[in-house]
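Peer 1: Can you look at this prediction? I've put the sequence above it.
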Amino acid sequence: MKCLLMANGKYGDITAYYGLADRADLVICADGGANYAYQMGVLPDYIIGDLDSIRPEVREYFNKQQVIFKAYPPAKDFTDTQLALETAEDLGADEIIFVGTLGGRLDHTLANLYSCIETVRKGKKVSHFGSDVTIYLVNSQVRLKGRTGDLVSIIALTEKATGINISNFAYPLQDAVLYQDKPYAVSNRMLSDTAEIRVKKGIIAVFHYQ
């Protein structure tokens with residue numbers, strides 16, 4: 001089951017997100033992510049969080065649409081996005097596409113990426129989609145579709161990632177090892193409209209700028 005998870009971060013060009021909800025089986029908003037769903041005409045299945053960022057008129061509208069709200073106290077041990085992710089997993093999502101999780105505050109962006117490590121270890125597909133970049137969290141392989149010349153960077157999220165092989169890139173990597181504290185595999189270029197990245201052990205973040 002594919003889940004679209006809408007957070008309350010930076011979106012940029014809002015038109016870049018049109019159609020994502022139509023291809024999802026489940027839509028979950030983390031608090032103020034509901035404001036963007038309202039703007040895009042998306043009807044979420046759940047709205048989750050302490051609900052301090054959702055606009056009153058948006059909350060009233062989705063209440064009338066009988067959207068399920070799961071409210072939490074402001075003083076809590078998890079972010080609204082983490083709570084939304086937990087709900088997505090509990091409902092059986094095996095692919096989760098995040099939006100509104102990139103840009104803005106760097107600490108939020110990093111927290112959103114690292115929060116997904118355990119989800120990837122469980123064998124679920126995770127990506128963070130932005131108006132100018134998509135970040136894939138990978139522990140096996142990913143096939144990129146884009147254009148010749150697209151910029152791609154690879155960063156280890158775990159302490160190290162081994163057995164990294166890439167194809168159709170300007171700078172090849174063969175059975176390479178990436179370390180979390182030595183991120184050298186940045187600013188590569190695709191040599192065709194498709195490219196592939198494989199990793200044997202560990203988790204990497206693949207940044208695809210389109």
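Peer 2: Sure, I can see it. Numbering: from 1, shown residues only.
Peer 1: any idea which helix is longest in the chain?
Peer 2: Longest helix in the chain by number of residues (criterion: DSSP state H): helix 80-90.
Peer 1: Okay, domains of this protein per the record?
Peer 2: As assigned by automatic domain parsing, the chain contains the domains 2-131, 141-209.
Peer 1: Ends of the shortest one, what's the gap?
Peer 2: Its first and final residues considered, domain 141-209 spans 18 Å by CA to CA, to the nearest Å.
Peer 1: what's the answer for the first one, then?
Peer 2: Domain 2-131 has its terminal residues 20 Å apart, counting by CA to CA.
Peer 1: Any chance you could list what contacts stretch 191-204?
Peer 2: Outside stretch 191-204, the residues that touch it by CB atoms under 8 Å, 6 or more residues apart in numbering are 117, 120-121, 137-148, 152, 154-170, 178, 206. Where you see a C-beta, it was placed from the backbone N, CA and C, and this is true even at glycine.
Peer 1: Next up, phi/psi of the residue of the chain most remote from its centre, please.
Peer 2: Largest separation from the mean C-alpha position in the chain: residue 64, at 29.0 Å (CA atoms, centre = their mean). Note on residue 64: backbone dihedrals following degrees, to the nearest 10 are phi -70, psi -30.
Peer 1: what's the answer for the one 4 residues further on, then?
Peer 2: Here the main-chain torsion angles of residue 68 (degrees, to the nearest 10) amount to phi -80, psi 120.
Peer 1: burial count for it?
Peer 2: For residue 68, the neighbour count with other CB atoms under 10 Å is 12.
Peer 1: per-residue confidence for it?
Peer 2: Each residue has a pLDDT score; the one for residue 68 is 97.
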